[in-house]
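*Asks:* Could you work out the structure for the sequence below:
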Amino acid sequence: MVVIKKAAIVSSLLLTIGCQAQLAVPEDWQSPLYTEGQLVGRIWDSNADRFISEQQLINRINNSRYLLLGEKHDNPDHHTLQKSMLDYFLQQQRVANVAFEMMESDKQQLLDNIAGAGLSDLGQIKAYLQWDEEGWDWPFYGPLIESSYNAGVKMSAGNITSEKMSQVYSSGLPDGADGVLNDAAMEKLNQDIDESHCGLLPESQFPAMVRVQQSRDHSMASSLGDSSVNSLNVLIAGNFHIRQDLGVPNYLLAAEPSLSREQIVALSFQEVAETELSPNEYLQQFTDVKAFDYIWFTPAISNEDYCASLRGDA
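*Replies:* Here you go, the predicted model:
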């Protein structure tokens, strides 16, 4: 893909106690749309209701125990920025575990043994992991896995298997996943399931689809494990999964009573919309819990109306 736009934010040197490290923010955007948008390249602190710098974002993450890095799966800029954040904290030797939505739990044994596999490049890592390239674009996720592998940190498969999904769809939630979300959150999940399927999903299927969503979030939370005060557990997942109001953080809190929501950072990388200039509108707020702690805005990869194509609209 041709790089077309110089980003407003360039690489900066960030100081940490006792050492120096660089947050390598790319100078160019790969996504082609709305690159001139006034939000592009800026970081929104939804709790403070203001924009912050990269340095301020790093400082706030330094006090956390879980870092959830969201994405729109097909946006290359989101993966580049995810890698910048991951590499920074790997350099600080703070990362204890990196979990990936993109790998199902049956890959965990491969991940547990990867340190002794003698892999030397991305191609070998991809082959070793038997990567599902039809489901997940390896050029986006391979570099994140390679960084974690080279740093020698634990990696975890966050998602449920197809077999487990079928069980949840036809039966019920796994232990630890039921009763975590309140009625308002469950109502919102049902609404979002409907919208994400463009209003084409029969209402009778909503409960099963919501159970699958909850099971995935519960699985990702479980794959992160318990984090100590001095370490950081990182999740790479879609933006919907990292939501503080609906997603993985709620299952972390349920499993770890001593944990506070402030120790979980949900950092969402989001595409700007052409006409939406208010950062708060990107939160889709419906309770007093903000969906994301921080939003890092990028250009968009496409303005295609996916629902229109599914419905066959002219």
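
*Asks:* So which elements touch the top helix by length along the chain?
*Replies:* Determined from DSSP state H, the single longest helix within the chain is helix 206-224. Counting contacts by 3 or more Cβ pairs under 8 Å, 6 or more residues apart in numbering; DSSP states H and E, helix 206-224 is packed against strand 95-104, strand 154-159, helix 162-170, helix 183-196, strand 232-236, helix 248-255. (Glycine included, C-beta is placed from N, CA and C.)

*Asks:* between that helix and helix 183-196, how many degrees?
*Replies:* 110 degrees (axes from the mean of the first three to the mean of the last three Cα atoms, to 10 degrees).

*Asks:* residues near residue 37, how many?
*Replies:* 20 (other Cβ atoms under 10 Å).

*Asks:* SS state for it?
*Replies:* Recorded secondary structure, residue 37: coil (DSSP: H, G, I helix; E, B strand; the rest coil).

*Asks:* what's the closest non-adjacent residue to it?
*Replies:* Computed as Cβ to Cβ, 6 or more residues apart in numbering, the closest residue to residue 37 that is not its neighbour in sequence is residue 272, at 4.4 Å.

*Asks:* Need the pLDDT of that neighbour.
*Replies:* Listed pLDDT for residue 272 reads 98.

*Asks:* Next: residue 161.
*Replies:* On the pLDDT scale, residue 161 gets 97.

*Asks:* Same check on residue 218?
*Replies:* At residue 218, pLDDT is 98.

*Asks:* I'd say it and residue 251 touch.
*Replies:* Yes. Residue 218 is within contact range of residue 251, at 4.7 Å (criterion: Cβ atoms under 8 Å).

*Asks:* Quickly list what's touching both of the two.
*Replies:* 176-177, 180 (Cβ atoms under 8 Å, 6 or more residues apart in numbering).

*Asks:* Can you tell me which of these are buried?
*Replies:* 177, 180 (16 or more other Cβ atoms under 10 Å).

*Asks:* Just send the shared contacts of residue 218 and residue 251 back as a markdown table, with pLDDT too.
*Replies:* Below are the shared contacts of residue 218 and residue 251 laid out as a markdown table (pLDDT from 0 to 100):
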| residue | pLDDT |
| --- | --- |
| 176 | 90 |
| 177 | 94 |
| 180 | 97 |
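
*Asks:* Which of the shared contacts of residue 218 and residue 251 sits closest to residue 52?
*Replies:* residue 180 (30.1 Å; Cβ to Cβ).
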